[in-house]
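**Student:** I'd like to go over a predicted model; first the sequence, then the structure.
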Amino acid sequence: MPLTATGFPGLYIFEPVVHTDARGYFFESYNANTFREGGLDIQFRQDNQARSTYGVLRGLHYQLDPYSQTKLIRVLEGRIWDVAVDIRKGSPTYGQVYTIELSAENKKQLLIPQGFAHGYSVLSPTAEVFYKCDNFYHKASEGGIRYDDPSLNIDWGFPLADAIISGKDAELPLLADCRHNFTFQP
Ligand SMILES: Cc1cn([C@H]2C[C@H](O)[C@@H](COP(=O)(O)OP(=O)(O)O[C@H]3O[C@@H](C)C(=O)[C@@H](O)[C@H]3O)O2)c(=O)[nH]c1=O
């Protein structure tokens, strides 16, 4: 099974089976049946793609219910440091941070369930990130947490002096001041 548990309930690493031959390689970057066989029946509704340069840090973001999003993150070009924070009240991993390098080379994908805040930083000169979401973008439901919240103490994979951050992200609140209503459903 190409899905690996992370220890955070609902958070999985997906590693596709790569078929290599004289022409190059082929892999199924997404197959709903593979996820269904792993007990994950997700109806993806929106695909997003973003290009960034070294040092760009996006996040941490979430959308409030009923627009919360499961996300399946992968990298088409370059390398990123992907960060997921469990903000589901009652979760055994509430307030904990999961990090993983995703790259075009390692082809790993991170499946992030609803109730997590998500962000990433770019480690390579450029990176092209592609992700599927099971709910539509809804501007009024956007929420976020500051990347440098001291209670999370996140390692972003590079010195924060290098970070390029949007004005919106620089003004996000700390986790303790966030108004969200995510609860853990075992
Ligand atoms: C996220 C999003 C943004 N936009 C618009 C709003 C804005 O004008 C422009 C850039 O938006 P942002 O600055 O929010 O883009 P960005 O900072 O890349 O936002 C993304 O960050 C990562 C970490 C996530 O997890 C995503 O869910 C999403 O929040 O694109 C859409 O039209 N649809 C979308 O789904």
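**Tutor:** Thanks, I have the structure now.
**Student:** residues contacting Asp155?
**Tutor:** When the contact criterion is CB atoms under 8 Å, 6 or more residues apart in numbering, the partners of Asp155 are Trp81, Thr99. Placement of C-beta: from N, CA and C, glycine included.
**Student:** Model confidence for it, exactly?
**Tutor:** What the model reports as pLDDT for Asp155 is 95.
**Student:** so how far is the ligand from it?
**Tutor:** Asp155 sits at a distance of 16 Å from the ligand (criterion: CB to the nearest ligand atom, to the nearest Å).
**Student:** Could you confirm that residue falls within a strand?
**Tutor:** No: under DSSP: H, G, I helix; E, B strand; the rest coil, Asp155 falls outside any strand and is assigned coil.
**Student:** The closest residue in space to Phe35 that isn't next to it in sequence: how many residues sit nearby?
**Tutor:** Distances taken as CB to CB, 6 or more residues apart in numbering place Ile42 nearest to Phe35, at 6.1 Å, with adjacent residues excluded. Close neighbours of Ile42, defined as other CB atoms under 10 Å, add up to 16.
**Student:** I'd say Ile42 and Gln114 touch.
**Tutor:** No: when contacts are counted by CB atoms under 8 Å, Ile42 is not listed as touching Gln114 (10.1 Å).
**Student:** near the ligand, which residues of the protein show up?
**Tutor:** For the chain, the residues found near the ligand under the criterion CB under 6 Å from any ligand atom are Asn48, Ala50, Arg58, Gly59, His61, Lys71, His118, Gly119, Tyr120, Tyr137, Ser166.
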